[in-house]
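**Q** I would like the atomic coordinates for the input below:
(one chain, ligands or ions: 1)
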Amino acid sequence: MTIRERLREQEPTLSFELFPPRSPAAEEMLGRTMRAIVATRPDFISITYGASGSTQGASRSVVQRVAQEHNVPPLAHLTCVGQSRGDLRAVIEGYLEDGVRDFLALRGDAPQGQSGWHPHPDGLVYASDLVRFLRETAHAHGVDDLSVGVAAFPAQHAVERYRQTALDVLKAKQDAGADFAITQVFYEVAHYTGLVAAARERGITIPIIPEVMPLVSAQRARRAAQITDVPTPQSLVAALDAAATDDEARATGVAHAAGLARQLLDAGAPGIHVITFNRHDAAVELVDRLPLSGHRA
Ligand code: FAD
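**A** Got it, this is the predicted structure:
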């Protein structure tokens, strides 16, 4: 069953995000993480894709492991950065041959040190172009049951001057053929409900799955804010800073993420997508606190 089909059911989905490992030790940790999160019976596992296709082979290998070793549908992230249409076509064809039917179409960010975003001369400019390109490439291979997700940005939508653009861009992604969206991290339920309400008014009907990130240390909270440009609540950073042990910090981060996830489910979110940082402990403890029947909780 593709993610698009699964989202038509009433029960909220449970899913996780993994990234491809960069060392043998990281590979081993990823193996442990996969086994632990698979035991929670997720609906899908998403695998990130490095800028400029830098993790292309490693991402594909994690995607294959998720599907073949664990029998969980993988959601393969794909970005436009630094790749021609030909490069992207080859990557998509490889995934299709592996039986992958679920993709998350992203633009990606400019590589570090590069000022501003410049598409590859023969590449794609926006995520919406990638949605179309994915569908065309799959169609040329006789695959029409593709399920394509895109990114949505609740914290950006909460800032008035970005609101209209955020909605226009999400609508363009839906019009290009997106079936669902997964959000960037955010910390206030109102950011999510505000985006969903405005999206529905704008004619955006696709399910929008919120991403939840259990922050297990003050250092990680600061780093997450740096990467995403979404400020971590000061009260959470202070509580993480005040924790006397790693376990106490993790419990603080998990409790915070669980509180947000519960509010999101109460508000009608179609699922919860958990960022794992390739560690299972906080992710599984979070799931154990959620009312997701059919899963482990
Ligand atoms: P787009 O929708 O193309 O938007 C990019 C910019 O262009 C925005 O400023 C938008 O306002 C503008 N824009 C879009 N369409 C138009 C238009 N038609 N006209 C004018 N302006 C337009 N990055 C990775 O490198 N690898 C990953 O695996 C990865 N996974 C992610 C997963 C999730 C759930 C999320 C939320 C983000 C992820 N990212 C990943 C980060 C993502 O690539 C960046 O946030 C990127 O800056 C925006 O990507 P996008 O897909 O939203 O791009």
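
**Q** for the most far-flung residue of the chain relative to its centre, helix, strand, or coil?
**A** In the chain, Ala244 marks the outermost C-alpha relative to the chain mean, sitting 31.2 Å out by CA atoms, centre = their mean. Ala244 falls in the coil class when you classify it by DSSP: H, G, I helix; E, B strand; the rest coil.

**Q** got the confidence number for it?
**A** Ala244 carries a pLDDT value of 97.

**Q** near the ligand, which residues of this protein?
**A** 48-49, 51, 77, 79, 106-109, 126-128, 151, 165, 169, 172, 182, 184, 211 (CB under 6 Å from any ligand atom). C-beta: built from backbone N, CA, C; applies to glycine.

**Q** filter these down to the ones in strands?
**A** 77, 151, 182, 211 (DSSP state E).

**Q** please tell me how far the residue farthest from the centre of the chain sits from the ligand.
**A** 33 Å (CB to the nearest ligand atom, to the nearest Å).

**Q** quick one, helices of the stretch 1-150 of the chain?
**A** 3-6, 24-38, 56-68, 85-97, 127-140 (DSSP state H, counting those that start in this stretch).

**Q** okay, how far is it across stretch 96-111, tip to tip?
**A** 27 Å (CA to CA, to the nearest Å).

**Q** kindly report the same for stretch 92-111.
**A** 22 Å.

**Q** circling back: adding pLDDT and neighbour count, write the ones in strands among the residues of the chain next to the ligand out as JSON lines.
**A** Converted to JSON lines, those look like this (pLDDT from 0 to 100; neighbours: other CB atoms under 10 Å):
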{"residue": "His77", "pLDDT": "98", "neighbour count": "23"}
{"residue": "Ala151", "pLDDT": "98", "neighbour count": "19"}
{"residue": "Ile182", "pLDDT": "98", "neighbour count": "23"}
{"residue": "Glu211", "pLDDT": "98", "neighbour count": "21"}
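
**Q** pick the one among the residues you listed closest to Val189.
**A** Nearest to Val189 among these: Glu211, at 13.2 Å, using CB to CB.

**Q** give me the number of residues near Gln226?
**A** If you count neighbours by other CB atoms under 10 Å, Gln226 ends up with 10.

**Q** just the element for it, please.
**A** helix 218-228 (DSSP states H and E).

**Q** kindly format the C-alpha coordinates of that helix as CSV.
**A** Taking C-alpha atoms only, helix 218-228 is exported to CSV below (Å, rounded to 0.1, in the frame of the first residue of the first chain):
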residue,chain,number,x,y,z
ALA,A,218,20.3,21.7,24.8
GLN,A,219,23.1,21.3,22.2
ARG,A,220,20.8,19.4,19.8
ALA,A,221,18.0,22.0,20.4
ARG,A,222,20.4,24.9,19.5
ARG,A,223,21.7,23.0,16.4
ALA,A,224,18.1,22.2,15.3
ALA,A,225,17.2,25.9,15.5
GLN,A,226,20.3,26.8,13.4
ILE,A,227,19.6,24.2,10.7
THR,A,228,15.8,24.9,10.4
